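>>> sequence-free structure coming up:
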């Protein structure tokens, strides 16, 4: 039986009409932006240019001539910086936005410097350039780049205005996504002038979403005529997927205009976790639930974990020996306690801890530790209060089953219980579990006595996935050290 029989409202016919002209086979979608050429160029080259100019003109500050080695390193720095720095956002940035962008910008600058070091040494450029110049360039450049974040938006806005009339846009869909799109277009340099909103519904059916310049109860032919008569250059279709028949009709009518037509899917209708637009051999796809640690991000975090684990072991190996001896002397049983937990992608892993209890529970039912728990040994209470019982998880980090920062791994028995009670619980396993996490530094450390408390912990874990950066990891580690010294909520 054909699958098309399950569709209603003509959806199957409309989908067939959309696909009829050509098959999707061997077609590609190109990823880009709506920026005019000048703005796109400014976004790409401003930061690398600032990096190169500060170095190239540096000798003049000291009353020295600009030498060939300095120019060579400046040119090299331009091309390296172009690979690491993200394009300027060119939004209406202020001091607050500048400070928010600072950690990422400093991280990118450190990557540029690290990559430049090796060719500069190999070409012996550093021997010809004064150390003071290199040092000052290293310190001053990131602050100059932060200044660019503030002044670039108004400058580019004037450049765009000087080029003549902006794009003329209409948005089809007077709904939440259409209104949000209008706000974001207004923040975008070169986003154009919003001429009108269109909607198929009458004004009475629109409810509270009633944007300005609204034209309602219209037909596809009316829209196409308006586009032709008013020199509209960009048409944004922000209709829900349920309106596929209307979208098909509209796309067909707009073929008789010269406007650029964009379809804006309502992906914000879902609870997104690190949503991305990805390319699969030229075919676009939107991730609804995804990991932030794909590609270079995953490599950066893994190198960070390995480096920190090695440093931790070098500094704390005497503490390992002392704690192990005290655990063995405190009560019969092994020095290390190994428990099954869920790791990356929900796979079971063995998590190491110094044994802090007289029992080693790892069955189908596990009772969480509580305050004054009679199972806890005397040394175990101290270890749990200071979180020193977690120290062996450094070996989990070296194994690659854990990270220093991430959602805390729960016992398999607890996972099976809470995944049925809390929506989105398993999404937290899109990254490696951590020795500490975003939830723990917000007071959700230790026992989760209620489902609501676990739900709050999971929400912080999902926030961590949405906002991950190496700088966030560093902040969490610093806050963890401060909390551990206070011994809050750990027993």
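Ah, there it is. Keep in mind that this is a model prediction, so the values were computed, not measured.
>>> what residues of stretch 381-388 count as buried?
Across stretch 381-388, burial judged by 16 or more other Cβ atoms under 10 Å covers 381-385, 387-388. C-betas here are computed from N, CA, C, even on glycine.
>>> farthest-separated two in the residues you listed?
381 and 387 (12.2 Å; Cβ to Cβ).
>>> just checking, next helix/strand downstream of the longest helix belonging to the chain?
What stands out as the longest helix in the chain, according to DSSP state H, is helix 296-330. Later in the chain than helix 296-330, the nearest helix or strand by DSSP states H and E is strand 336-342.
>>> so what secondary structure elements neighbour the following helix or strand past that following strand?
Following strand 336-342 in sequence order, the next helix or strand is strand 348-354 (DSSP H and E). Counting contacts by 3 or more Cβ pairs under 8 Å, 6 or more residues apart in numbering; DSSP states H and E, strand 348-354 is packed against helix 296-330, strand 336-342, helix 393-399.
>>> pairing partners for strand 348-354, with directions?
In the sheet, strand 348-354 lines up against strand 336-342 (antiparallel) (DSSP bridges).
>>> average model confidence for the partner strand?
Strand 336-342 shows an average pLDDT of 85 in the prediction.
>>> where do the helices sit along the stretch 51-200 of the chain?
For the stretch 51-200 of the chain, the helices defined by DSSP state H, counting those that start in this stretch cover 58-61, 68-84, 95-122, 131-162, 176-187.
>>> compare the ones you listed and give me the one nearest residue 169.
For the helices of the stretch 51-200 of the chain, proximity to residue 169 was assessed by Cβ to Cβ; helix 176-187 is nearest, at 6.6 Å.
>>> now do that closest one: distance to the chain's middle.
21 Å (Cα atoms, centre = their mean, to the nearest Å).
>>> and what of stretch 469-481?
Distance, centroid of stretch 469-481 to centroid of chain: 16 Å (Cα atoms, centre = their mean).
>>> name the residues that touch that stretch?
103-104, 107, 300-301, 304, 308, 404-405, 436-438, 440-441, 464 (Cβ atoms under 8 Å, 6 or more residues apart in numbering).
>>> repeat that for stretch 171-178.
181-182, 194, 196-199, 201, 206, 209-211, 214, 216, 223, 235-240, 250, 264, 266, 268-269.
>>> go again with 7 Å.
Outside stretch 171-178, the residues that touch it by Cβ atoms under 7 Å, 6 or more residues apart in numbering are 181-182, 194, 197-199, 206, 209, 211, 214, 223, 235-239, 250, 264, 266, 268.
>>> doesn't residue 285 lie inside a strand?
Yes. Counting by DSSP: H, G, I helix; E, B strand; the rest coil, residue 285 is part of a strand.
>>> measure it to residue 265 for me?
11 Å (Cβ to Cβ, to the nearest Å).
>>> so for those two, which sits in the more crowded spot?
residue 265 (15 against 11; other Cβ atoms under 10 Å).
>>> hang on, that one in a helix?
No. In this structure, residue 265 is coil, not part of a helix, as judged by three-state DSSP.
>>> so for it, what's the pLDDT?
The per-residue pLDDT reported for residue 265 equals 86.
>>> just the one 4 residues further on next, same as before
Residue 269 carries a pLDDT value of 74.
>>> over to residue 14?
40.
>>> you'd agree residue 44 is up against residue 88?
No. In terms of Cβ atoms under 7 Å, residue 44 does not count as a neighbour of residue 88; the distance is 8.3 Å.
>>> so which of the two has more stuff around it?
Regarding residue 44 and residue 88, a neighbour count based on other Cβ under 10 Å identifies residue 88 as having more, with 22 against 16.
>>> contacting residues for that one?
42-43, 46-47, 152.
>>> and those residues, which is the shakiest by pLDDT?
residue 152 (72).
>>> need the contact list for residue 463.
Neighbours of residue 463 in contact, by Cβ under 7 Å, 6+ apart: residue 438.
>>> if you set the cut-off to 10 Å instead, what comes out?
Residue 463 is in contact with 273, 438-439, 442, counting by Cβ atoms under 10 Å, 6 or more residues apart in numbering.
>>> now for these: which two are most distant?
Farthest-apart pair in the contacts of residue 463 is 273 and 442; separation 18.2 Å (Cβ to Cβ).
>>> the more surrounded of those two?
Using other Cβ under 10 Å, the more surrounded residue of residue 273 and residue 442 is residue 273, with 20 against 16.
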